[in-house]
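below: sequence and its predicted model.
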Amino acid sequence: MLKRHEIEILLKAGHAQTEVARLAGVSLCSVKRIAEEAPVVHVDDAAEREKRRIGRPSKVDDFRKFIVALLEEKPGLPSLEILRRIREAGYPGGKTALYALVASLRPKEVKPLIRFEGLPGEFSQHDFGQVDVAFLDGSIRRVHFFASRLKYSRYMRVSVVKNEAVESLVRNLAEHVHSWGGVPLLCVFDRPKTVALKWRRNGEVTEWNPVFAYAMLEIGIGVELCWPQQPQQKGTVENLVGFVKSSFFKVRRFHDEEDLQQQLVAWHREVNEERPCRATGVIPAVRLAEEARRLRSLKVCPKDLALRIPVYVGPTGTVLHDGHPYSMPPEAISMPATLYLYADRVRIVAGR
């Protein structure tokens with residue numbers, strides 16, 4: 001459902017259906033079908049599969065280990081020969097499903113890294129980082145931060161965070177894109193557990209973090225993932241976290257945490273408004289003025305963003321979340337519920 005949401009965003013932005021298929025990594029038939037469907041309003045994949053009655057047991061999946069063993073022995077073994085051998089082993093199905101599985105399991109040819117410049121408002125990159133900071137009083141503290149950067153303008157935002165949990169990611173992401181004046185077509189992430197829980201060998205995500213997925217739908221953000229430490233998959237060759245460490249945390253000296261925050265404000269001004277970017281030769285703020293016209297407005301303000309968390313009302317009429325108990329009416333006892341977590345308040349809905 002989150003992939004469908006991404007396709008909707010690309011179509012609304014005016015991309016041709018063939019271009020959307022290429023950017024999203026799906027077939028043209030899928031794009032045409034999704035273009036005629038109702039807008040995505042939830043990201044519960046399991047519920048949607050059950051509603052559409054999608055899926056049936058795969059005959060070829062029982063032979064996955066057999067195919068993996070063949071490809072490990074001979075990576076270039078033709079699919080037709082694999083079909084012959086697997087039928088000798090008792091495979092009763094057709095060749096289409098087999099060829100699709102072989103294509104997903106066959107080792108991919110590694111392409112050379114080529115840097116390209118994105119269009120205004122096309123991509124942004126986001127990632128967590130951590131660094132041990134030595135303060136002038138001799139103390140050392142591990143600092144966690146969340147960094148965001150627009151691909152075209154190289155305009156950056158960095159926030160010091162308490163942890164790298166999903167709430168820190170979502171709230172800081174919302175604040176960063178809000179400060180830019182809008183959202184690009186796609187926000188690119190690595191694959192932390194705060195974003196994706198499971199994926200196949202070919203990179204296709206099979207289970208998203210539900211809290212993250214609903215928040216992206218709420219804000220109106222299209223999500224793309226690349227393999228960790230390979231941001232060049234979306235054109236941003238520079239290591240975002242490494243740049244923040246080398247140009248701020250490891251070259252400046254701080255009296256305390258308050259001084260670090262003050263210097264971070266000054267550093268933002270320096271890298272965004274005063275110093276030309278080494279990659280483009282232009283001050284990021286100058287390019288941001290051009291890029292801002294291509295950014296999409298947020299569907300919800302950061303202060304009104306609520307994370308949806310499934311909870312359960314216990315036998316004493318309380319909901320326990322993050323170590324905090326919340327009281328519920330007696331008629332809600334033993335009911336599943338949804339906890340809407342805002343930045344400064346909580347709303348819990350059970351039953352009607």
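Perfect, I can see it now.

tell me the domain ranges of this protein?
2-52, 60-105, 123-294, 306-350 (automatic domain parsing).

which other residues reach the lowest-mean-pLDDT helix or strand in the chain?
Across the helices and strands of the chain, mean pLDDT, DSSP states H and E gives its lowest value to helix 45-52, namely a mean of 82. Under the criterion Cβ atoms under 8 Å, 6 or more residues apart in numbering, residues M1, H42, I54, G55, E207, W208 lie in contact with helix 45-52. All C-beta spots, glycine's among them, are computed from the backbone N, C-alpha and C.

where in the protein is pLDDT low?
Scanning the chain for pLDDT under 70 picks out 55-57, 109-117, 227-238.

residue ranges of the helices in it, please?
For the chain, the helices defined by DSSP state H cover 2-12, 17-24, 28-35, 45-52, 64-73, 79-88, 95-105, 166-180, 210-219, 240-244, 257-269, 284-291.

on contacts alone, who are the packing partners of the fifth one?
Counting contacts by 3 or more Cβ pairs under 8 Å, 6 or more residues apart in numbering; DSSP states H and E, helix 64-73 is packed against helix 79-88, helix 95-105.

got those as a markdown table, with mean neighbour count and distance to I283 columns?
Listed next are those as a markdown table, based on neighbours: other Cβ atoms under 10 Å; distance: least, Cβ to Cβ, whole Å:
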| stretch | mean neighbour count | distance to I283 |
| --- | --- | --- |
| helix 79-88 | 14 | 53 |
| helix 95-105 | 15 | 45 |
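
possible to save those as JSON lines with distance to D127?
Formatted as JSON lines, these follow (distance: least, Cβ to Cβ, whole Å):
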{"stretch": "helix 79-88", "distance to D127": "38"}
{"stretch": "helix 95-105", "distance to D127": "27"}
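
quick one on the thing from earlier: kindly export the least confident helix or strand of the chain (C-alpha atoms) in CSV.
Taking Å, rounded to 0.1, in the frame of the first residue of the first chain, the C-alpha atoms of helix 45-52 are listed here in CSV:
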residue,chain,number,x,y,z
ASP,A,45,-1.2,-4.8,3.5
ALA,A,46,-2.6,-7.9,5.1
ALA,A,47,-6.1,-6.4,5.4
GLU,A,48,-6.0,-5.3,1.7
ARG,A,49,-4.9,-8.8,0.6
GLU,A,50,-7.8,-10.4,2.5
LYS,A,51,-10.2,-7.8,1.1
ARG,A,52,-9.1,-8.4,-2.5
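
partners of the closest residue to A332 other than its chain neighbours in the sheet?
Using Cβ to Cβ, 6 or more residues apart in numbering and skipping the chain neighbours, the partner closest in space to A332 is A350 (4.1 Å). Listed beta-bridge partners, A350: A337 (assigned using DSSP bridges).

enumerate every residue touching A350.
Per Cβ under 8 Å, 6+ apart, neighbours of A350: V313, M328, A332, M335, P336, A337, T338.

okay, and the beta partners of the nearest residue in space to A196 that is not next to it in sequence?
Leaving aside its chain neighbours, A196 sits nearest to V205 (4.8 Å; criterion: Cβ to Cβ, 6+ apart). Beta-bridge pairing of V205 under DSSP bridges involves W199.

comparing the domains of the chain, which comes out most buried?
domain 123-294 (a mean of 17; mean count of other Cβ atoms under 10 Å).

any idea how far apart the tips of that domain sit?
Its first and final residues considered, domain 123-294 spans 11 Å by Cα to Cα, to the nearest Å.

then stretch 33-49?
16 Å.

again with stretch 127-143
With Cα to Cα, one end of stretch 127-143 sits 14 Å from the other.

quick check: the nearest residue to V300 once chain neighbours are set aside vs A165, distance?
Leaving aside its sequence neighbours, V300 sits nearest to E218 (Cβ to Cβ, 6+ apart; 5.5 Å). To A165, E218 is 18 Å away according to Cβ to Cβ, to the nearest Å.

what do you get for A215?
Applying Cβ to Cβ, the value for A215 to A165 is 13 Å.

and what of H144?
Distance, H144 to A165, by Cβ to Cβ: 10 Å.

D322 too?
Counting by Cβ to Cβ - D322 and A165 are separated by 10 Å.

please verify my assumption that E218 contacts L305.
Yes - E218 is within contact range of L305, at 6.3 Å (criterion: Cβ atoms under 8 Å).
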